[in-house]
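> Okay, structure incoming, though there's no sequence with it:
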């Protein structure tokens, strides 16, 4: 595919490198010649020097034949303008980096009005990851569908779990989640009513965000909820984490330490429930006084990688807290991975991953109507989100009437913000979104699920 | 100091007062009280003539700043009271001029403390004027002036700030004049609605009007010697409900009018105000149950008295000075606490109390986390430090003036502590009846003239929230230049 990346900062570079590896044709636009030359020298890409928001520059980059345009300069407004022009001039999917917290409440409006395929916000994406870690300390992996209304969670079933050895049909209604995939050794299967769960299985299940915890308890997965969390550094990632915690009413006591007085005032204003401490987060006395030894989670999210690493090592030594460390520069990875830093966040890498995933889905689905695609169970299965179009073969038939291919599961129907876990008598309507779990590959349209 | 501009505004106040005397005049004529009619007419004509002379042409210098605003407010209330006292004095109904001034200041400041033993001797016309002064004073006279007099500039907000109760005044619409209009509109509609309901509940029309004015302004002048005891239980209950309604921040009604019902229901101050009322009623109801004997009666009177005291109205159905001490103490707390900011009630105001409580919590937290950054929030918004500071300063001034007043009247009249203390509390918080010798069934006539002057000052200071009255005693503001 032909991809244009505007802005050659850390995100732009990470993206170009990754997409380049997947054999896409990359054109980078930047108005800093030095950075551009570096990119062209190290990667197999084309560089165009100029202002990405100018039509002239975009034409030079052959916008008419581009498939994807990614605007990742450090200005949100320029990014939006880039995408707007690209959409008017060419016929490509546009992705904009919009990361100013002021715009976060308007993202969906901007997305619709500017016709953006995707809005990326590295700090928000990182915060989302942290929030998931805080919410489900026991989960191995979480993917979300329909803007976070549903989570696909992967977890390992421990020995002595009371759902072990029971058939799914026996468990039936007592489960409030839908088990989509069972991985047993090398086998990956989509379970039916007669299949049973064994100890040591890794299962993936679909759940609403607040339902997962009770399922963890039900099946005896060790689950100690996080009740207190200390964050050093009050930057954007912290802002979003606090916002998520406040919005989702998680019962987590948050303590944020930042050295900047004005930032503290701002955070105190935004988050009345959090304790905001104005002090040096690398001051041992302060950390001890604020109770670093009795914590459930500790996040070092300052702007300095070295400080973050030191803080996490220190916290890890003093407490049993779950650690989260933010690292901005992707360097010395092999050294970092040897240290005990808990979950390491690379915000830039997270968004690069998101975009690569999107481009991959776009490539797989050219001419199809896949909304989201996740490779799950180590790539052996796929979870796809479709929008239902007006196909008479599919809509208005109950599931009992439809003849599905083997190994296909309709995991959820999302209709007018309501989530339906489908049974035999349910049916799909045009405009619904459905989530399909399958071990088959190459589905491009919803009709492919029918035999 | 722009004296000509102040004079010009005062002229308007006089003209308005002349206009507002027309209603009691009509009332006096209807009841054939010719002496009262003549006195009211004379006062009205006098005020109108002086007003017209002074306000003949607009001054050339129209600069108008915060200090002019504050001085105007203080002077306006004093002059209005001096003129308003004339009808009582001229008819001879109240022979002493100081007593007459006390009575009308008590009216305008919505206090409701009286020096009269026999209220009914006053005659209907004067009784009407007395109660009507509550209604005028409740919302503020200058706020009314602002709606008709375009002063221009942003400084007329200062007038509103000086006259409206509460720690922080916010405009509801961009222009001060429109805000004032919106407030008066709500005030007028609620009052008319209330008077209609009173009449429907079986109250005589004259009583319904006077009690209505007293309730709307949270004043408390009764028109009968027996206070409220003559009216039916239903009427008393309705009076309670309306008293409490007029103690709620008027912004809430404005929001309801704007169909922002959800915002209106989430008003933190109003909620806490209602919670205080509920808890106090419950406590007092249980506390007086053995004395009253009947459950329904006990809670009825507890509810009425709590509503009457917290809104600083001061109506009484019975003598709460005979209640157990614990109940009386709660009433004293309620006197100090007062109603919501931006209502017609007096006292410290619930929002100030909330801010002070949150300050205490903040101080305690800072001991545990010395570096913690905490904001004090009201209505889900952080309040600026300057507001918190002014609340603290207000409390200091409040306590000082309170103590000095208690000292002065104890010095002049050697009454017992409860009487003196509650007399200051009742006037300074614009409530009306106190405890002891100034309880609901007695009055302030026993005090000497000096004490009455002190209490007059307290009433004005309480209604105008201290600062405008204090500014009058600051020599610096009286100099012509800003130096």
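Cool, the structure landed. Everything quoted here is computed from the prediction, not taken from an experiment.

> okay, now residue B:135: neighbour count?
Neighbour count of residue B:135, defined by other C-beta atoms under 10 Å in any protein chain shown: 26. For glycine as for every other residue, the C-beta is placed from the backbone atoms N, C-alpha and C.

> May I ask which helix or strand encompasses it?
Using DSSP states H and E, residue B:135 sits in helix B:124-139.

> Just checking the distance from that helix to the centre of its chain.
Mean-position distance between helix B:124-139 and its chain equals 12 Å (C-alpha atoms, centre = their mean, to the nearest Å).

> wait, isn't residue A:80 in contact with residue A:109?
No - between residue A:80 and residue A:109 there is no contact under C-beta atoms under 8 Å: 11.7 Å.

> What's the local residue count around residue 19?
You didn't say which chain, so I picked chain A. 24.

> wait, chain B
There are 13 residues near residue B:19, going by other C-beta under 10 Å.

> Pull the contacting residues for it.
residue B:48 (C-beta atoms under 8 Å, 6 or more residues apart in numbering or on different chains).

> Could you check the angle the helix or strand of chain B with the lowest mean pLDDT makes with helix B:124-139?
In chain B, no helix or strand scores lower on mean pLDDT, DSSP states H and E than helix B:156-163, which sits at a mean of 71. Orientation check (axes from the mean of the first three to the mean of the last three C-alpha atoms, to 10 degrees): helix B:156-163 against helix B:124-139 gives 120 degrees.

> Looking at the stretch 51-200 of chain A, what residue ends up closest to chain B?
residue A:105 (16.3 Å; C-beta to the nearest C-beta).

> Helix, strand, or coil at that residue?
helix (DSSP: H, G, I helix; E, B strand; the rest coil).

> Give me the longest helix you can find in chain A.
Identified as the longest helix of chain A according to DSSP state H is helix A:347-364.

> what does that one contact?
A:1, A:3, A:10-11, A:14-15, A:18-19, A:22, A:24, A:67-68, A:70, A:93, A:95, A:97, A:117-118, A:120-123, A:125-126, A:129, A:237, A:326, A:328, A:330, A:370, A:372-374, A:442, A:444.

> From residue A:128, how far off is the residue of the stretch 51-200 of chain A closest to chain B?
Going from residue A:105 to residue A:128 by C-beta to C-beta, to the nearest Å gives 16 Å.

> near chain A, which residues of the stretch 351-483 of chain B show up?
B:365, B:369, B:371-375, B:377, B:382 (C-beta under 8 Å from any C-beta of the partner chain).

> one more time with 7 Å
B:369, B:371-375, B:377, B:382 (C-beta under 7 Å from any C-beta of the partner chain).

> which ones are touching the residue of the stretch 101-250 of chain A found nearest chain B?
Scanning the stretch 101-250 of chain A for the residue nearest chain B gives residue A:234, at 9.9 Å (criterion: C-beta to the nearest C-beta). Neighbour list for residue A:234: A:256, A:258, A:263-264, A:267 [criterion: C-beta atoms under 7 Å, 6 or more residues apart in numbering or on different chains].

> likewise residue A:66?
Counted by C-beta under 7 Å, 6+ apart, residue A:66 has contacts A:2-4, A:90, A:92.

> which ones among those are found in strands?
Secondary structure from DSSP state E places A:2-4 of the contacts of residue A:66 in strands.

> near chain B too, which of those?
Okay, of these, nothing touches chain B (C-beta under 7 Å from any C-beta).

> Show me where the chain dips below the pLDDT cut-off.
Here I'm looking at chain A. A:138-140, A:147, A:172-173, A:222-223, A:330, A:364-369, A:378-379, A:442 (pLDDT under 70).

> ah, I was thinking of chain B
B:149-157, B:166-172, B:480-483.
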